[in-house]
Every structure is written in C-alpha cells, then in structure tokens.
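J.: Sequence first, then the predicted structure, then my questions.
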Amino acid sequence: MTPAEIRASAFVGHGDVRVEGAAEGPLAGLTFAVKDLFDVAGTISGWGNPDRVEQTPPSATTASALLPALAAGATMIGKTHTDEIACGLFGENPHYGAPINPVAPDRVPGGSSSGSVVAVAGGFCDFAFGTDTGGSVRVPSSFCGVFGIRTSHGRVSTAGLMPMAPSIDTVGWFARDAALLRKVGSLFFGDAPATTPRLLFAEDAFAIPGPVLGDVMRDAAAKLGPMQAVHAYGEWGHGYWLETFKPLQLGELWATHGSWATAPGRRLSPAVRDRIALASTVPAADIAAAWVRREKLSEHIRALLGHDGILVIPTAHDLPPLRNAPVSAQFAFRDNTLALTCIASLCRLPQVNIPAGTLDGVPFGLSLVAAPYQDVMLLAAAETLAPALS
C-alpha cells in the first residue's frame, strides 16, 4: 500500500480545504486535520453520510474547538473520514470504505475518528482532531499506535460539532508523541502544575483482555513504576457499567438523530440503520434508571481517583480486528472494549492512550484515566511515563 493510497483513504473529497494558521504562535509550522463532524467555514460537514454531503450547504462558521489551534499558528489541511454519524468503533464506512491502518494494513484503523488517526499515524499531518463518545479517539489510538486524548466532558466546546450523545460527547486529538499531545492541550488548559500522581492498577480491567494479550499488557504496565492495585468497577462488575452506558448512549442517539435518520428515502448503511432501530426501542424507564446509576458509579470512581490519582487500564480488550470481519465478531468486540471505555465515558473523565507495544507486529495501547478536569495533570503524566513504554 503506497503512502498516496493511505492518504487518499483518510481524507474526504468534499473537505479538500486548507486554512492557514496565524503567522506566529506556539504551533507555527505544524499542520492538522479535522474529523468530518466539525464545521469548517466554507465546507460541508458530511458526517460520513452521502445524503449529508449532497443535501447540506457549506458551513458558515468554524467549530469553536478548532480556533485555538489556528490562532496558535497551526494550519488545517483537510477533513477526514468518520464512521457514519459516528456510529462505530472500527472505521469501516460502507459508503466510503475504511481508511487504511498505516501500521497494520490488514486490520481496521478504529473509529469513529478513523480518518484523523490515519492522517496522524501515516505522517500526513502533525496532529488531528476527533470526537470521543464511547471510545472514538481512544480505540483508534490503540489500533494505530499513536497518542490520543479524550478530554473531560464539557471541558472543550462542542459548538459547531455534530452531536451524537451530548451528555457523553467530547473533543479529542491525536499526535505521534506525547509532547505534542500536551502542547495542543495547553491551548485549552494552560500549563501543567508540578504534581506527582498516584498510579492505580485496575486489576479487574486487566482481566477483560484474553490471556495472551492480557499478560503482555500487564508486563507493559509494570514498566510504568509502582502502582496500587484497585478494582475500578467496584462491587458491581463491568457488566453493570456497560448496561448503564448503553441505554444512555442509545437514548441520546435516538433523540439527536432519530428524526433525520428515519426520514423517507434516507440512505443509511445496514449497520447504522439497525443501530437507529435499536435506539428507538430503549424504554424511557431504562434511560431514567441509567442516569441514577451513572451518578453512583461516578461517585465511586471520583473517590478512587481523588485529585491526584491516575487509573491504568487497557485501552481496548484486543488487537484491532481484521478488515471486513463478520458483523457477529464486531458485536462481541464492541461490548468487551466498551466495558473498558465506558469508565471515562460514564464518569466524564479525561483519558489518554499511550502506545504500549506490539503483539505479532500489531500495536496495542494502555490508557491513563484521571478525575474530571484533571486534563493538564493527565497530559503531563503521559509525557513523563510514555518513555517507559517505548
């Protein structure tokens, strides 16, 4: 696979735009790409759907989250592919194909921020913006061997950004090194304070991957230094967490996109059509109960983390699936990995993926999770700890 083919697979045709950054600034000379859920003035926000591309006028304004990077001197070089309306963890979009994973071409790149992660992993830009609801920055980071952050919920503006599940949606970004990941973060959060975090090893989270990869992940985590063993899922187990997350995400998906997705003649991929249909069936009572459970789980994890704790967990439960894997295999993969990603998603926490090694030549990542609004501390810790895993 040539670099030109990989690049073409990452960027959308209708977002071929260049927006020059300021002449001077901390990111002057750097380039970035943007997931095609962000509005960029003069371009169409396609959301991974052909009807959106054909029927939506160009945006009049640019999403708020992109403005600090432009003001800091970075230049935007294009918009990137996404799973259709952000419904996916794998990056496979039947309308446009799947971007090519530069480090494991026979494997999926991860989604839904698939094009953005490929643009960074392939070296076509310095950093790239994505979104993360159930893992859409964290999982692609793991699959493609790069750094990625999901920010604390509500910390970075989502104005000008397609909503998927607004009480869970966050902005995130990718970079090939932890220093640049932190540098982009400083545009939003300022500089990192001098703190020494407590590392917490989530024993129950490391029990989710299979035995071979799980052992490799444990060995990698041990390189980070002394850690206190804890149970991230508390007394409930990861199944309870997952069953709290699902009705919330599905209920909000239906609220935000149900009317649009069920319009007569709407073109949707079969998987997304099925997901919209499932979202329409979630009882209101289940959603209401999940809100209460969410707060109970959030109190547990905040007490565990305090102000200086960092939870260490696997980012995904397995290596990236092969391209065009059966749908049945994708369902099983999604639930196991969502059991890991839902910790930060439910509890509104920031999380950073660190490339942690390879198994049979395929990358995997470990994640650091901090308390809400501890993004600065988390990014500084990631930069400090990353060399131990390289």
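T.: Structure received. What you see is a predicted model, and the numbers here were worked out from it, not measured in a lab.
J.: Now do the nearest residue to Pro26 once chain neighbours are set aside against Leu340, distance only.
T.: Computed as CB to CB, 6 or more residues apart in numbering, the closest residue to Pro26 that is not its neighbour in sequence is Ala72, at 5.1 Å. For the C-beta atoms, the positions are set from N, CA and C on the backbone; glycine is no exception. To Leu340, Ala72 is 32 Å away according to CB to CB, to the nearest Å.
J.: thinking again about what came up before, torsion angles phi and psi at the residue nearest to Pro26?
T.: In terms of degrees, to the nearest 10, the main-chain angles of Ala72 are phi -90, psi 0.
J.: More neighbours: Ala72 and Leu340, which one.
T.: Between Ala72 and Leu340, Leu340 has the larger neighbour count (other CB atoms under 10 Å), namely 29 against 19.
J.: Could I get the contacting residues of the more buried one?
T.: Listed by CB atoms under 8 Å, 6 or more residues apart in numbering, the contact partners of Leu340 are 135, 205, 208, 238, 313-317, 367.
J.: 6 Å instead?
T.: Residues near Leu340 by CB atoms under 6 Å, 6 or more residues apart in numbering: 313-314.
J.: any idea which element it lies in?
T.: Taking DSSP states H and E as the criterion, the element that holds Leu340 is helix 327-347.
J.: Secondary structure class of the residue of the chain most remote from its centre, three-state.
T.: Distance from the C-alpha centroid of the chain, by CA atoms, centre = their mean, peaks at Pro264 (31.4 Å). Counting by DSSP: H, G, I helix; E, B strand; the rest coil, the backbone at Pro264 sits in coil.
J.: Do you know the pLDDT at it?
T.: Confidence at Pro264, expressed as pLDDT, is 97.
J.: how many neighbours does Thr158 have?
T.: Other residues near Thr158 number 20, with proximity taken as other CB under 10 Å.
J.: Check the one 4 residues further on too.
T.: When neighbours are counted by other CB under 10 Å, Met162 registers 23.
J.: and the angle from the longest helix seen in the chain to helix 327-347?
T.: Longest helix of the chain, by residue count under DSSP state H: helix 238-261. Counting by axes from the mean of the first three to the mean of the last three CA atoms, to 10 degrees, helix 238-261 lies at 100 degrees to helix 327-347.
J.: Which other helices and strands does helix 238-261 contact?
T.: Under the contact definition 3 or more CB pairs under 6 Å, 6 or more residues apart in numbering; DSSP states H and E, helix 238-261 sits against helix 270-279, helix 284-305, helix 327-347.
J.: Just the residues contacting the next helix or strand after the second one, thanks.
T.: Heading C-terminal from helix 284-305, the first helix or strand you meet, by DSSP H and E, is strand 309-314. By CB under 6 Å, 6+ apart, the list of residues contacting strand 309-314 from outside reads 197-202, 205, 209, 217, 221, 232, 340, 367-370, 381.
J.: likewise stretch 142-157?
T.: By CB under 6 Å, 6+ apart, stretch 142-157 touches 64-65, 101, 103, 109-110, 117, 120-121, 132, 137-138, 141, 170-172, 174-176, 178, 181, 188, 315-316, 320, 348, 350-353, 355, 363-365, 372-373, 375.
J.: which ones among those are found in strands?
T.: When the contacts of stretch 142-157 are checked against strands (DSSP state E), the matches are 132, 170-172, 174-175, 351-353, 355, 363-365.
J.: Quick one: the residues you listed as a markdown table, columns for neighbour count too.
T.: Below are the ones in strands among the contacts of stretch 142-157 laid out as a markdown table (neighbours: other CB atoms under 10 Å):
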| residue | neighbour count |
| --- | --- |
| Asp132 | 30 |
| Thr170 | 27 |
| Val171 | 25 |
| Gly172 | 28 |
| Phe174 | 32 |
| Ala175 | 24 |
| Gln351 | 31 |
| Val352 | 34 |
| Asn353 | 32 |
| Pro355 | 26 |
| Pro363 | 22 |
| Phe364 | 25 |
| Gly365 | 27 |
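J.: Arg294: which of those residues is nearest?
T.: Closest approach between those and Arg294, by CB to CB: Thr170, at 15.4 Å.
J.: Now do the longest helix of the chain: distance to the chain's middle.
T.: Here helix 238-261 is found 17 Å from its chain centre; the criterion is CA atoms, centre = their mean, to the nearest Å.
J.: So for that helix, mean pLDDT?
T.: The pLDDT scores in helix 238-261 average 98.
J.: Lovely, talk soon.
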